[in-house]
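Asker: starting from these lines, generate the structure:
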Amino acid sequence: MVFDASNKIAVKCAKCGEYNIVDVDIFNLKETMEAKCRCGENMFKVKRIKKDLVFDINCIACENIHRFKFRLLDLMTKPLNIIICPISGMEIAFVGKDKNVKDIMAQYNNDILELLKALGIM
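Answerer: Next up is the predicted model:
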């Protein structure tokens, strides 16, 4: 069986509020990887510890750093993982296969536009 080890993570920047999509190749992750937003803010760190991937995400919802741990096998086989702030319950990141992450980001952006239209802002 062949596994696709490439994953994407979409994280909402705690400083500017923009989502950024970053590639994470779980087999080639030898050292801690840090990701910055286009605005320059640190968004998250990820490291591989044995058979787990550990994400430290700067949370836009509560301004804390949260740690989330995923089994490598789950990341390779599950199409999408939704990461939620444990304090606010807000969705702060999405990890999964390229198409799944892009699809949920498109749906999220569409939902925001519909909400703004319903509120008469757009």
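
Asker: from the contact counts, what lies against the top helix by length along the chain?
Answerer: Counting by DSSP state H, the longest helix found in the chain is helix 98-118. Helix 98-118 is packed against strand 6-12, strand 19-25, strand 80-84, strand 91-96, with contacts defined by 3 or more CB pairs under 8 Å, 6 or more residues apart in numbering; DSSP states H and E. C-beta here means a position set from N, CA and C on the backbone, and glycine is covered the same way.

Asker: for the closest residue to C16 other than its chain neighbours, give me the pLDDT.
Answerer: Closest residue to C16 apart from its sequence neighbours, by CB to CB, 6 or more residues apart in numbering: C39 at 4.4 Å. pLDDT recorded at C39 is 95.

Asker: tilt between the longest helix of the chain and strand 91-96?
Answerer: Relative orientation of helix 98-118 versus strand 91-96 (axes from the mean of the first three to the mean of the last three CA atoms, to 10 degrees): 150 degrees.

Asker: give me the residues contacting helix 98-118.
Answerer: Residues outside helix 98-118 that contact it (CB atoms under 8 Å, 6 or more residues apart in numbering): 6, 8-10, 19, 21, 79-80, 82, 91, 94-95, 122.
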